[in-house]
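K.L.:
this is a predicted model, with the sequence first.
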Amino acid sequence: VARARALAAEAPATYVRAERLARAVPRGVGRLVLAVCLATGLVVVFVATALSSVESAADQRTLHVVGGAPGLLRRHLAARAGYLAALGGVLAVPAGLLPARGVLRLAEIPLEFVVPWPAVALVVLGLPAVAWAGTWSAAALSAARAGRAGRRC
């Protein structure tokens, strides 16, 4: 509290509300926000992958007709999802960190800007990996269901 009051004394027209500083932010809040953001990102990637899959259905049928293995089609779909997630993560991280750093600089408060590297790695590396694995698994399940349905007919 004393350090916060000293910082507030240096900045014009600022004050410290000590009761707010006494309350600690629950530890799980940051993780919960990150989890919600990652889940939202996955939903967006899966929807975009499904839409692009519908648009390229003719190409997929052509690959199937000329002898493209089902595994190739699954890998292609999973790679598309992984690419979309990687592109989204690489664009989202600077889009979130740069304004945060700018606001901190404009406030002219001597606080250190700390990049949350574990969260950045999770968004840039983990999200594409989960999107790839989820899409590949969904495509494999869909192919298995289609194979069983085809045998019944």
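P.N.:
That came through fine. Residues are numbered from 1 along each chain as shown.
K.L.:
what's the weakest-modelled helix or strand in this protein?
P.N.:
Least confident helix or strand of the chain, by mean pLDDT, DSSP states H and E, is helix 18-22 with a mean of 59.
K.L.:
any idea of the mean pLDDT in the helix or strand that it is followed by?
P.N.:
Once the chain leaves helix 18-22, the next helix or strand it forms, by DSSP states H and E, is helix 28-55. In this model, helix 28-55 carries a mean pLDDT of 92.
K.L.:
what's in contact with whatever helix or strand comes next after helix 28-55?
P.N.:
Counting by DSSP H and E, the element after helix 28-55 in chain order, helix or strand, is helix 57-65. The contact list for helix 57-65 (Cβ atoms under 8 Å, 6 or more residues apart in numbering) reads Ser53, Pro70, Leu72, Leu73, His76. Quick note: C-beta positions are derived from backbone N, CA and C, even for glycine.
K.L.:
spit out the contact partners of the first one.
P.N.:
Translated: Ser53. Contacts of Ser53 by Cβ under 8 Å, 6+ apart are Gln60, Leu77, Arg80.
K.L.:
for the first one, give me the pLDDT.
P.N.:
Think Gln60. For Gln60, the model assigns a pLDDT of 82.
K.L.:
also the second one?
P.N.:
In the predicted model, Leu77 carries a pLDDT score of 89.
K.L.:
what is the neighbour count of it?
P.N.:
22 (other Cβ atoms under 10 Å).
K.L.:
how far away is it from Ser142?
P.N.:
Distance, Leu77 to Ser142, by Cβ to Cβ, to the nearest Å: 10 Å.
K.L.:
one more: the first one?
P.N.:
When Cβ to Cβ is applied, the distance between Gln60 and Ser142 equals 12 Å.
K.L.:
neighbour-wise, which of those two wins?
P.N.:
Gln60 (15 against 12).
K.L.:
which element is encountered next along the chain beyond the longest helix along the chain?
P.N.:
When the chain is parsed with DSSP state H, its longest helix is helix 70-106. For helix 70-106, the following helix or strand on the C-terminal side (DSSP H and E) is helix 117-121.
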